[in-house]
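Chemist: Can you look at this prediction? I've put the sequence above it.
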Amino acid sequence: AERLANKIVLITGASSGIGEATAREFAQASNGQIKLILTARRHERLVSLSDSLIKEYPQIQIHAAKLDVTAKETIKPFISSLPAEFANIDVLINNAGKALGKANVGEIEDEDIDGMFQTNVLGLVHVTQAVLPIFKAKNSGDIVNIGSVAGRDPYPGGAIYCATKSAVKFFSHSLRKELINTKIRVLEVDPGAVLTEFSLVRFKGDAEKADEVYSGTSPLGPEDIAEAIIFGVSRRQNTVIAETLVFPQHQASASHVYRS
Ligand code: NDP
Ligand code: 8X3
């Protein structure tokens, strides 16, 4: 809790799944001694998350705001017009992301291709570009990028999603090298199967298809990934948990999954 105390944490995609669980875990691990900037497109969800956290941790400070990471021109103005008490960000959690569909190349909807690259890659890059000057100015800060097992182990039907997540990996690794002479840390967390709205989004609201992804398995919960994120961020300054691959017990690669 001491290492997290009074940190200012910006989370993208905090309205659901891993992002929401990460907000909760930061609140719990710091016992409310933290300032959270919660962003996503669904503002009403951020408000109810914020309300529930404030109820549990009355001293917590939360700024909940709509931010679409694909709206490139809004990102820098958003960061530079944060309320003064939230402006000096310490931790950036680049979590907003998605898969759209599972079609093979040649049959992928144009808007799915664009949606995945714009959110998972360009959104992450532009948010990082907007926040990094704050970190450089004080020579500290943590950037946590949410990749995926899909960025290490590509699978048919995932060409675009896997390409976006391997882009996240190489962006993260390049950035860590650029920042080697600073106290800014770059952490990459790569989840395996996590039960969130991920598959519902991928299959565009088809709950049956989404449920099939997890049938006969015990997927991770978003809080399991949140714990890995908070572990990395709360190490002593000299320690960089550079990459973390987290599977549920029945999974050993993107496609090697045991079903009972
Ligand atoms: P969810 O669908 O539950 O959450 C995704 C979050 O991203 C939501 O809060 C959503 O908020 C936000 N988001 C989507 N589009 C945008 C946008 N344009 N701008 C801002 N926020 C956006 O899925 P997960 O929690 O599972 O996904 C979180 C991350 O984890 C993603 O990067 C995903 O690729 C990755 N991941 C997930 C795995 C899984 O099995 N679940 C495995 C490996 C990686 P809103 O719609 O309100 O904008
Ligand atoms: C999500 C995991 O394997 O469904 O990143 O692509 S997978």
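Modeler: Done, it's in. Numbers count the residues shown, from 1 in each chain. Ligands and ions are numbered 1, 2, ... in the order given.

Chemist: Point out where the stretch 1-150 of the chain drops to low pLDDT.
Modeler: Within the stretch 1-150 of the chain, no range satisfies pLDDT under 70.

Chemist: can you list the residues of it near ligand 1?
Modeler: 12-13, 15-19, 40-42, 68-70, 95-98, 119, 123, 146, 148 (C-beta under 6 Å from any ligand atom). All C-beta atoms are positioned from the backbone trio N, CA, C, and that covers glycine.

Chemist: one more time with 8 Å, if that's ok
Modeler: Contacts of the stretch 1-150 of the chain with ligand 1, taken as C-beta under 8 Å from any ligand atom, map to 12-21, 39-42, 45-46, 67-71, 95-99, 118-120, 123, 146-150.

Chemist: before we move on, what about the stretch 151-260 of the chain?
Modeler: Neighbours of ligand 1 within the stretch 151-260 of the chain, by C-beta under 8 Å from any ligand atom: 161, 165, 190-201, 219-220, 222, 225.

Chemist: Put the buried members of these into a PyMOL selection.
Modeler: Remark: buried members of these, expressed as a PyMOL selection using 16 or more other C-beta atoms under 10 Å:
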select buried, resi 161+165+190+191+192+193+194+195+196+198+199+200+201+219+220+222+225
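
Chemist: How is the residue in the stretch 51-200 of the chain that ligand 1 sits nearest to assigned, secondary-structure-wise?
Modeler: Residue of the stretch 51-200 of the chain nearest ligand 1, by C-beta to the nearest ligand atom: Gly97 (2.2 Å). Using DSSP: H, G, I helix; E, B strand; the rest coil, the secondary structure recorded for Gly97 is coil.

Chemist: what's the answer for Arg259, then?
Modeler: coil.

Chemist: who touches it in this structure?
Modeler: Residues near Arg259 by C-beta atoms under 8 Å, 6 or more residues apart in numbering: Ser215, Gly216, Thr217, His250.

Chemist: what's the burial count for the residue of the stretch 51-200 of the chain closest to ligand 1?
Modeler: The local packing of Gly97 (other C-beta atoms under 10 Å) involves 27 other residues.

Chemist: what are the ranges of the strands in the protein?
Modeler: Taking DSSP state E as the test, the strands found in the chain are 7-12, 34-40, 61-66, 91-94, 141-146, 184-191, 243-246.

Chemist: For those strands, give me CSV that also has distance to Val131.
Modeler: What follows is these, written out as CSV (distance: least, C-beta to C-beta, whole Å):
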stretch, distance to Val131
strand 7-12, 7
strand 34-40, 10
strand 61-66, 14
strand 91-94, 5
strand 141-146, 8
strand 184-191, 10
strand 243-246, 21
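
Chemist: Tell me which of these sits nearest to ligand 2.
Modeler: strand 184-191 (6.4 Å).

Chemist: Now do that closest one against strand 141-146, angle only.
Modeler: Angle, strand 184-191 to strand 141-146, by axes from the mean of the first three to the mean of the last three C-alpha atoms, to 10 degrees: 20 degrees.
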